[in-house]
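Engineer: Structural data only, the sequence is not supplied:
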Ligand code: GTP
Ligand code: MG
């Protein structure tokens with residue numbers, strides 16, 4: 001699918017305030033600094049669409065963007081980062097959890113994982129929780145430009161082993177780099193496929 005237009009719609013501090021719409025919605029979720037906002041920008045080919053920062057905790061609200069005038073992309077705060085203070089961490093976590101529990105038009109959640117890290121309990125817990133809620137999700141590895149081929153393959157294998165242990169069927173995985181524009185077509189195609197499932 002070609003992304004022809006991407007426009008900012010609104011920012012909200014709570015899911016109950018978000019736009020009421022039947023249009024399909026897709027959210028990017030993951031720890032602070034994993035690259036959610038950057039990946040949305042890369043996907044939409046607009047570096048200024050979502051605000052990014054090298055300092056964790058940049059995205060603090062639920063941000064809606066309308067794509068091709070017929071579906072929504074949502075940029076969320078991160079759900080945990082050691083260097084973000086405890087109160088902010090809990091606040092972000094509750095925003096994300098409420099959002100996921102409340103959004104009826106949410107069709108799939110992209111759970112972003114930094115390919116450089118060994119599987120983190122916070123990510124695995126979040127993946128399990130999402131699955132338990134019955135929310136469709138796809139795992140997205142980010143920042144793959146930061147690892148060489150061998151290290152990247154090792155990291156992906158390690159993660160797959162963990163997921164194999166948790167799930168009967170291996171969840172879908174997309175490998176990306178916003179920097180090198182890797183995996184963007186896979187992301188867009190996955191979204192298109194889900195939209196067309198209806
Ligand atoms: P919060 O809004 O704080 O939750 O973070 P986020 O997940 O939205 O991360 P963001 O997109 O702001 O990116 C965090 C940092 O990682 C920035 O300095 C980005 O430039 C960098 N970054 C993001 N994606 C990539 C990537 O694919 N490759 C590289 N090398 N750096 C990246
Ligand atoms: Mg962000």
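Structural biologist: Noted; the coordinates are in hand. Treat the numbers as computed from the prediction; the structure is a model and nothing was measured. Residues are numbered from 1 along each chain as shown. Ligands and ions are numbered 1, 2, ... in the order given.
Engineer: so residue 22 is in which element?
Structural biologist: Using DSSP states H and E, residue 22 sits in no helix or strand.
Engineer: Could you do the one 4 residues further on as well?
Structural biologist: Here residue 26 sits within strand 25-30, counting by DSSP H and E.
Engineer: what's next to that strand, contact-wise?
Structural biologist: With CB atoms under 8 Å, 6 or more residues apart in numbering as the test, strand 25-30 has contacts from 36-37, 39-40, 64, 71-76, 78-79, 96, 99-100, 103, 105-114, 123, 126, 140, 142, 191, 194. For every residue, glycine as well, the C-beta is placed using N, CA and C.
Engineer: What about ligand 1: which of the residues you listed touch it?
Structural biologist: Restricting these to those near ligand 1 by CB under 6 Å from any ligand atom leaves 36, 37, 78, 142.
Engineer: With adjacent residues omitted, what lies nearest to the first one?
Structural biologist: Counting by CB to CB, 6 or more residues apart in numbering, residue 36 lies nearest to residue 28, which is 4.2 Å off, once chain neighbours are set aside.
Engineer: what does the chain put close to ligand 1?
Structural biologist: 30, 32-38, 52-54, 56-59, 77-78, 142-143, 145-146, 177-179.
Engineer: Could I have the buried ones of those residues as ChimeraX selection syntax?
Structural biologist: To isolate the buried subset of the residues of the chain next to ligand 1 in ChimeraX, counting by 16 or more other CB atoms under 10 Å, use the following:
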select :30,32,33,34,35,36,37,38,52,56,57,58,59,77,78,142,143,177,178
